[in-house]
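> coords below, sequence missing:
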C-alpha cells in the first residue's frame, strides 16, 4: 500500500501554513515507504498528487467553526466532506472540492483522511496564531498515530470511523 502524507498550505497566510509545518516536522519520522510532501493547496493539482497512492492523509488548516487549534479528523473515504469546509481556499478549488471532484471522477484513493486544525487568522505575512502553533505537535502525533493504525490493519479492512 502506497501512502502519502500531504501537508497543505501557504507560508504567507498565517495559519494557512499549518500543513506545511506539520509536513516539515514529519520528515524522518514516518515509517519506510511513506512519502511526506508539501503542497501549495491548489485543488486541481491535488488530483495529480493523489495518483499512485492508496492511502492519503491531508493535513491542512480549516475554517469549520471549531475552536482555534482544535484538530478535526475527517474520513473522506466513505462519505463526502462536510459542505461547510468548501469555499475556504484562496485557490479556485480547495481541498474539500478537490476530494469531492476526485470522488466523482473515480480517482479517489482507497483511503483518504483529512486531519485539519481549526485556524484563527489567515492574515498575509503573519506567523501561525498562538493556538494553531500550539496544535502543531498534536497534529504531528495524530498523523503518526494514523500511520501506525494503517500499518497494523489490512488494506481490505474497512476504514475506521471516529466521531
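Noted; the coordinates are in hand. Nothing here was measured: the structure is a model prediction, and the numbers come from that model.

> run through the residues that contact residue 51.
residue 107 (Cβ atoms under 8 Å, 6 or more residues apart in numbering). For every residue, glycine as well, the C-beta is placed using N, CA and C.

> where's it relative to residue 97, distance?
Distance, residue 51 to residue 97, by Cβ to Cβ, to the nearest Å: 18 Å.

> can you check residue 39 too?
On the measure of Cβ to Cβ, residue 39 and residue 97 end up 15 Å apart.

> could you do residue 32 as well?
From residue 32 to residue 97 the distance is 33 Å (Cβ to Cβ).

> tell me which of those two has more neighbours.
residue 97 (20 against 4; other Cβ atoms under 10 Å).

> packing partners of the longest helix along the chain?
Of all segments of type helix in the chain, defined using DSSP state H, the longest is helix 130-152. Other helices and strands packing on helix 130-152, by 3 or more Cβ pairs under 8 Å, 6 or more residues apart in numbering; DSSP states H and E, are strand 3-8, helix 18-26, strand 55-62, strand 71-75, strand 111-118.

> of the ones you listed, flag the one that's most buried.
strand 55-62 (a mean of 27; mean count of other Cβ atoms under 10 Å).

> how far off centre is that strand?
1 Å (Cα atoms, centre = their mean, to the nearest Å).

> again with stretch 132-152
That offset, for stretch 132-152, works out to 11 Å (Cα atoms, centre = their mean).
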